[in-house]
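Undergrad: A predicted structure for the sequence below; I have some questions about it.
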Amino acid sequence: MKIFNPADGSLIRELAEDDAQAVAAKYARARAAQPDWAAVALGDRLDAVRKFKDVTEKRKAQLARTLTQETGKPIVQSRNELNALAGRIDFFLGKAQAALAPETVLADPQMHERITHEPLGVVANISAWNYPYFVGSNVFVPALLAGNAVLYKPSELAPLTGLAIGEMLHAAGVPADVFSVLIGSGPTGAALVDQPVDGVFFTGSYATGARIAAACAPRMLKLQLELGGKDPIYVCEDADVKTAAESLADGAMYNAGQSCCSVERIYVHERSYESFVETFTAIVKGYKRGDPMDETTYLGPLARAPQLAVLERQVADAAAKGAKLLVGGKRVAQQGNWFEATVLSGVDHSMELMREESFGPLIGIQKVAGDAEAVRLMNDTVYGLTAGIYTPDEARARRVLAQIRSGSVYWNCCDRVSPRLPWSGVGHSGVGVTLSTYGIQAFTRPKAWHLRSL
Ligand code: NAD
């Protein structure tokens, strides 16, 4: 498999791919190794994860460069991801003991009822490239703490980061067969799903998620799918325009818009619409695009070349249906996967731009008459990952957010993930939960003990 730098198209490295036979061999070794790992004291498993965290902190500068080289993520944003990784791992380290502890739910003289949290066994972790440290660790850290063996397939767009994660976990004391890295693209992922694993934990697009769900359907295994979104935000007439525009431009354009919870649609109350559009566009025009290794770059290239055509199609479709292009709108004529930061106003839901995930530096802004219309439009989607509102009025925010169908809701913030809160989606945004204590127990099977003393 050839790994290219999306910033200039140059070849970074070639890696041997895991074919179906190699995947089956790694599965068999993981199956054999898992019971011993589950028998290791939780304190020792916690120690291994703590050491992993320490190594990621020590090697941060080099890991950030690798991530930037293979995905095009600006170097400052790669370091941000690694900085925040420590906080996520600390959450799991702090909560695992309690989340995995057996619970006595009845202790009568004759009858004892108990719940234990058993590991699932061998789990497949098929991951995306956009935040490989986040979306990977949301799965493999709690999965390992709960006593599972993990077959980890990083995205074909971030395999060097995937290999580094494997090396660091092994150096930290996780046995090689308990955490295996599988290198390859779709066929390697499909071969992994074909193994008799006990759980499949997938992060990626709806299209791939639906294919995996169909492949898993008859097998009665644990399946979690963390998929895409078309995340909306509503800016009320009482919101401070500059504050909202700054926050939302960053929410839409950070990591070149390639976050599952990027702001993908903005609805603005008609009384602030003109000034919001003007302020927002000026902020986007000020973002510096350039070499992702440069410390001052905010916008890098896209990681996936085929996404350029998706963005072009969305812009053309919106323009043909009457949208106004305020800035950007096309590929940048240079080597690599570059697209201009693009803002369109005068958009509506007849346009693909307001219905399908863009996953790029592209945003549409639509005028609304008030809360009822905003709620109707925000809910007019097959997705439901996050949604938010900007207003100083907390009661109004709570009223609007209570009517929104999505896994997470935001008041005066956006594009935000907290390890303390469950991360989940509605509809095409997926099934299952990561993060929070639910996201630790997700890697276990509750076993019910009915114990009668005679
Ligand atoms: P993708 O669906 O193209 O690929 C995801 C993974 O699936 C990759 O590792 C890929 O090799 C593998 N794969 C491809 N075909 C497969 C098959 N048939 N069987 C098994 N595995 C297969 O997605 P991507 O481009 O890596 O990621 C972008 C998408 O991920 C966006 O839609 C984004 O919103 C979503 N995402 C969601 C979350 C979340 O938490 N909800 C987080 C990050 C990304």
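TA: Sure, I can see it.

Undergrad: within range of the ligand, give me the residues from the stretch 301-450 of the chain.
TA: Residues of the stretch 301-450 of the chain lying near the ligand by CB under 6 Å from any ligand atom: 304, 357, 359, 385, 423, 425, 430. (Glycine included, C-beta is placed from N, CA and C.)

Undergrad: the fourth one is in contact with Gly228, isn't it?
TA: Yes. Proximity of Leu385 to Gly228 meets the contact threshold set by CB atoms under 8 Å, at 7.3 Å.

Undergrad: which residues are in contact with both of those two?
TA: Residues touching both Leu385 and Gly228 (CB atoms under 8 Å, 6 or more residues apart in numbering): 260, 429.

Undergrad: what's the neighbour count on Arg452?
TA: Neighbour count of Arg452, defined by other CB atoms under 10 Å: 9.

Undergrad: nearest residue to it other than its sequence neighbours?
TA: In this structure, Arg452 finds its nearest non-sequential neighbour in Met111, 5.4 Å apart by CB to CB, 6 or more residues apart in numbering.

Undergrad: so what's the one you found scoring on pLDDT?
TA: As predicted, Met111 sits at a pLDDT of 97.

Undergrad: touching the ligand at all, stretch 2-12?
TA: No. Judged by CB under 6 Å from any ligand atom, stretch 2-12 and the ligand are separated, with a smallest distance of 12.4 Å.

Undergrad: and that stretch, what's buried?
TA: For stretch 2-12, the neighbour count (16 or more other CB atoms under 10 Å) marks 3-7 as buried.

Undergrad: what comes into contact with that stretch?
TA: By CB under 8 Å, 6+ apart, stretch 2-12 touches 13-15, 69-72, 157, 159-160, 291-293, 300-305, 335-337.

Undergrad: give me the number of residues near Gly286?
TA: 10.

Undergrad: and the pLDDT at it?
TA: pLDDT at Gly286 comes out at 98.

Undergrad: let me see the contact set for it.
TA: Contacts of Gly286 by CB under 8 Å, 6+ apart: none found.

Undergrad: for it, phi and psi?
TA: phi -80, psi -10 (degrees, to the nearest 10).

Undergrad: how much space between it and Ala252?
TA: For Gly286, the distance to Ala252 (CB to CB, to the nearest Å) stands at 14 Å.

Undergrad: buried ones among the contacts of stretch 2-12?
TA: The neighbour-count test (16+ other CB under 10 Å) marks 15, 69-72, 157, 159-160, 291-293, 300-304, 336-337 as buried among these.

Undergrad: name the helices or strands packed onto the helix or strand Val315 falls within?
TA: Here Val315, judged by DSSP states H and E, is contained in helix 307-320. Using 3 or more CB pairs under 8 Å, 6 or more residues apart in numbering; DSSP states H and E as the contact test, the elements touching helix 307-320 are strand 342-345, strand 362-368.

Undergrad: could you dump those to JSON lines with mean pLDDT?
TA: Below are the helices and strands packed on helix 307-320 laid out as JSON lines (pLDDT from 0 to 100):
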{"stretch": "strand 342-345", "mean pLDDT": "98"}
{"stretch": "strand 362-368", "mean pLDDT": "98"}
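
Undergrad: let's have those strands in a markdown table, adding mean neighbour count.
TA: Shown next, in a markdown table, are the helices and strands packed on helix 307-320 (neighbours: other CB atoms under 10 Å):
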| stretch | mean neighbour count |
| --- | --- |
| strand 342-345 | 25 |
| strand 362-368 | 24 |
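
Undergrad: so which bits of the stretch 1-150 of the chain are right by the ligand?
TA: Counting by CB under 6 Å from any ligand atom, the residues of the stretch 1-150 of the chain close to the ligand are 126-130, 135.

Undergrad: so Pro175 sits right up against Ala33, yeah?
TA: Yes. Applying CB under 8 Å as the test, Pro175 and Ala33 come out as touching, 5.8 Å apart.

Undergrad: what about the residue of the chain found nearest the ligand, which SS state?
TA: Residue of the chain nearest the ligand, by CB to the nearest ligand atom: Gly189 (2.2 Å). Under DSSP: H, G, I helix; E, B strand; the rest coil, the three-state class of Gly189 is helix.

Undergrad: what's the separation between it and Asn148?
TA: Using CB to CB, Gly189 is found at 18 Å from Asn148.

Undergrad: more neighbours, those two?
TA: Neighbour count, other CB under 10 Å: between Gly189 and Asn148, Asn148 has more, with 30 against 24.

Undergrad: and the helix holding Val315, what's buried?
TA: For helix 307-320, by 16+ other CB under 10 Å, it's 307-308, 310-312, 314-315, 317-318.

Undergrad: same check, this time on stretch 285-299
TA: Neighbour-count burial for stretch 285-299 [16+ other CB under 10 Å]: 287, 289, 291-293, 297-299.

Undergrad: and if you look at stretch 78-95?
TA: Here stretch 78-95 shows 78-79, 81-82, 85, 88-89, 91-93, 95 as buried, counting by 16+ other CB under 10 Å.

Undergrad: these in helices, which ones?
TA: With helices taken from DSSP state H, the overlap with those comprises 78-79, 81-82, 85, 88-89, 91-93, 95.

Undergrad: will you turn those into a markdown table that also has pLDDT?
TA: Output for those, formatted as a markdown table (pLDDT from 0 to 100):
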| residue | pLDDT |
| --- | --- |
| Ser78 | 98 |
| Arg79 | 98 |
| Glu81 | 98 |
| Leu82 | 98 |
| Leu85 | 97 |
| Arg88 | 97 |
| Ile89 | 98 |
| Phe91 | 98 |
| Phe92 | 98 |
| Leu93 | 98 |
| Lys95 | 98 |
